[in-house]
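Visitor: what follows is a protein structure lacking sequence information:
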């Protein structure tokens, strides 16, 4: 499939007497990478971006800004937020072209995609065009959810089902609370029964999604936080609603337990019970009556007691039953054992056989999402943050449960490859209907992929042989798209462990991570993880959080200003100070010596327009063009 999309923002800044530094906060879809950055000035001077280590990239940007030439710098601040900084010469116009690529996967039989709609700033007008085609150029039926009921766009955007093309024109966009991204989906095509193994001769991508298996029975243990903070923003009500909806989808072959926690590891308990109609109705009444009343959170005891109950149910079950613990929390451990290292150690020791898969959902901004993610990593599960400003929490929880553990076809899924090295994640706790396993890696010589898993009918294996595809090389990075996708996926996987290393410890990390090479000379294994991630990011030209940034390099033919030219902030940060997003461990790109103009009158005239980008199997390409104007 191919998706074509271009975005453009036009900014007017008034009364600019010196070089301006303008900051845009971009909320990008999850699993999005930046692969190209360009600036084009009003005199057609063009500069292209390169990836450098973070400190070097900052120095390069500041040097360019000080010389008065158009320049741009972008870095990742978290999984969703990127900071784009642009230096605009006096009386100048700076065009910034930013190319994004998003890794996409199949969930519930659909391919879901997201496209940036606007930055974290007010926008005057938005024009958006989206085209979806297959590889033969034929239009594909897709659905888009703008989720803004008060907008009355052109007639061809009123339908949620659209064939091939959508046009959106929103004048006076400031009056609407618009989403930062547009979400859409289209139907996935069936993969070969043994999976699809694509190679370009050096890199491979393995896609596996069986369709002929029957669902396995499931033992669920739901562990729900009922501390007082769950009352805020309807967190508890949304969690109860989502769990009730999911319980309705269980079948009589499933069993489930509901455990709440707060001051103690178990505040209230329902079950376990078979998921027949009477038990499901009784469990929903139990959920409906729950109140948040505890002022503390004994996360440690809640996890251990939940695991003990889940393992007891697993011991009484057949080998073809999937055992799942789902934790929903919005707080840090404040009672009982609060040491994060000890919590992770105790949970891992109790569940060292990996029989119970732990899935966790933490409310962003209040839950200890780093701890929850580490526990999921160590115990064969998945963790996600519940985000503000997206769809409501109930919908996020429901979507997660349905896609990750809705109808489980396989458990304890593992993939192995001959002739491969440095693979991305190869162990998966479960595989639900309509979901897919995706593994990427490098290889030499003969390549073969074998997938092993438990199913309703016992253990099974599937063998896939390679299908060669032409190597598509990105002109900017000089790296193949296959290699860039591999590097992106591998870096994300490595950084999850690197972030958790502070409380997992060196020995635990060694059990969980296999490096592509064993000749790292760093003094700790954790530093070797960072070293491999940094080397991959530099080789594949990828912006990686805390490691690299992309910065445009000066063209020698570009006109430079006097070396004494003043630089000022343009008011895109509160009180003309450095942006709050830089209040973290990285230094800001703003030097202490920058002058700030008290005379500036900031008038903004933003225009967003969409044009072109591309989507292939498993990858979405988005081109974003930003035009920034500075004048008297």
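Guide: Good, I have the coordinates. These numbers were taken from a predicted model, which means no experiment stands behind them.

Visitor: got the domain boundaries for this structure?
Guide: The chain breaks down by automatic domain parsing into domains covering 2-185+544-630, 197-207+410-461+468-540, 218-406.

Visitor: average pLDDT for the last one, rounded please.
Guide: Pointing back at domain 218-406 there. Along domain 218-406, the predicted confidence averages to a pLDDT of 93.

Visitor: cool, and the first one?
Guide: Within the predicted structure, the mean pLDDT of domain 2-185+544-630 is 64.

Visitor: check the shortest one too.
Guide: When pLDDT is averaged over domain 197-207+410-461+468-540, the result is 86.

Visitor: what's the first-to-last distance across that domain?
Guide: Domain 197-207+410-461+468-540 has an end-to-end distance of 21 Å (CA to CA, to the nearest Å).

Visitor: how about residue 242, nearest residue that isn't a chain neighbour?
Guide: Leaving aside its chain neighbours, residue 242 sits nearest to residue 397 (3.6 Å; criterion: CB to CB, 6 or more residues apart in numbering). Backbone N, C-alpha and C define where each C-beta goes, glycine included.

Visitor: in this structure that neighbour contacts residue 238, no?
Guide: Yes: here residue 397 reaches residue 238: they are 6.9 Å apart, a contact under CB atoms under 8 Å.

Visitor: check which residues of the longest helix anywhere in the chain are buried.
Guide: The single longest helix within the chain, with elements called by DSSP state H, is helix 481-504. Residues of helix 481-504 classed as buried by neighbour count (16 or more other CB atoms under 10 Å): 481-498, 500-501, 503-504.

Visitor: helices or strands next to it in the packing?
Guide: Taking 3 or more CB pairs under 8 Å, 6 or more residues apart in numbering; DSSP states H and E as contact, the helices and strands that helix 481-504 lies on are strand 32-41, strand 93-103, strand 203-208, helix 340-350, helix 369-378, strand 437-455, helix 506-512, helix 525-540.

Visitor: can you check which of those gets nearest to residue 62?
Guide: When the helices and strands packed on helix 481-504 are ranked by proximity to residue 62, the top entry is strand 32-41, at 15.1 Å, counting by CB to CB.

Visitor: parallel or antiparallel, list what pairs with whichever helix or strand comes after that closest one.
Guide: The C-terminal neighbour of strand 32-41 among helices and strands, as given by DSSP states H and E, is strand 46-53. The strands that strand 46-53 pairs with in its sheet are strand 32-41 (antiparallel), strand 548-552 (antiparallel) (by DSSP bridges).

Visitor: can you give me the buried ones in strand 46-53?
Guide: Going by neighbour count (16+ other CB under 10 Å), the buried part of strand 46-53 is 47, 49-52.

Visitor: which among those gets closest to residue 402?
Guide: Distance to residue 402 across the buried residues of strand 46-53 (CB to CB) is lowest for residue 51, with 37.4 Å.

Visitor: which residues sit in contact with the closest one?
Guide: The contact partners of residue 51, taken as CB atoms under 8 Å, 6 or more residues apart in numbering, are 57, 537-538, 541-543, 548-550.

Visitor: now name the helix or strand holding residue 519.
Guide: Going by DSSP H and E, residue 519 is not in any helix or strand.

Visitor: tell me how many other residues crowd the closest residue to residue 437 other than its chain neighbours.
Guide: Leaving out its chain neighbours, the residue that sits closest to residue 437 by CB to CB, 6+ apart is residue 208, at 4.3 Å. Number of residues near residue 208 (other CB atoms under 10 Å) recorded here: 26.

Visitor: ok, residue 21 next?
Guide: The criterion is other CB under 10 Å. On that basis, residue 21 has 22 neighbouring residues.

Visitor: tell me what it is bridged to.
Guide: With DSSP bridges applied, residue 21 shows beta-bridge pairing to residue 87, residue 569.

Visitor: is it true that it touches residue 83?
Guide: No: using CB under 8 Å, residue 21 makes no contact with residue 83, being 11.6 Å away.

Visitor: which residues in the stretch 301-450 of the chain form strands?
Guide: Listed in chain order, the strands found in the stretch 301-450 of the chain under DSSP state E, counting those that start in this stretch are 322-329, 356-363, 383-386, 408-421, 427-432, 437-455.

Visitor: now swap in the stretch 51-200 of the chain and tell me
Guide: Taking DSSP E, counting those that start in this stretch, the strands of the stretch 51-200 of the chain run over residues 71-76, 81-88, 93-103, 106-107, 110-116, 125-133, 141-145, 161-163, 165-170, 181-187, 196-199.
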